[in-house]
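J.: starting from these lines, generate the structure:
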Amino acid sequence: MGIRVGSKDQLDVFGAYAARGERGSLSASVGQQNSQGFSSQNPGGFSFDPDPDGFENNHATLSAQKPASADKT
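T.: Numbers count the residues shown, from 1 in each chain. All right, here's what the predicted structure looks like:
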């Protein structure tokens, strides 16, 4: 689990879990990233529009692995 904070009001929150055993492995992660953004122009720029262009990203992964069998009979 973790939290990252950055400039321009950026915030990342995430968590992960993994397990491994004789029969294989399993891992999962989830998270969210948000940024309020910033205006791409300053007040003296051509066609100034002070919109912050922020974003939101949600993500999740799931992975499972099973070892190949050594017995080929």
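
J.: what about residue 58, helix or strand, and which?
T.: strand 55-65 (DSSP states H and E).

J.: on the pLDDT front, check the nearest residue to residue 39 once chain neighbours are set aside for me.
T.: Nearest-residue entry for residue 39: residue 50, 4.7 Å, with adjacent residues in sequence omitted and distances by Cβ to Cβ, 6 or more residues apart in numbering. For every residue, glycine as well, the C-beta is placed using N, CA and C. Looking at residue 50, its pLDDT reads 77.

J.: what ranges does the chain have for its strands?
T.: Chain-ordered strands for the chain, with DSSP state E as the definition, fall at 2-6, 10-21, 24-35, 55-65.

J.: now the third one: buried residues?
T.: Right, the one you point to is strand 24-35. Of the residues in strand 24-35, those with enough neighbours to count as buried (16 or more other Cβ atoms under 10 Å) are 31, 33, 35.

J.: so what touches it?
T.: Counting by Cβ atoms under 8 Å, 6 or more residues apart in numbering, strand 24-35 makes contact with 6, 8-19, 54-67, all of which sit outside it.

J.: direction included, what does the least confident helix or strand in the chain by mean pLDDT pair against?
T.: When the helices and strands of the chain are scored by mean pLDDT, DSSP states H and E, strand 2-6 comes last with a mean of 89. Taking DSSP bridges as the criterion, strand 2-6 pairs within the sheet with strand 10-21 (antiparallel).

J.: pLDDT (mean, whole number) over the partner strand?
T.: For strand 10-21, the per-residue pLDDT values average out at 94.

J.: what does that strand rub up against?
T.: The set of residues external to strand 10-21 that reach it, using Cβ under 8 Å, 6+ apart, is 1-6, 25-36.
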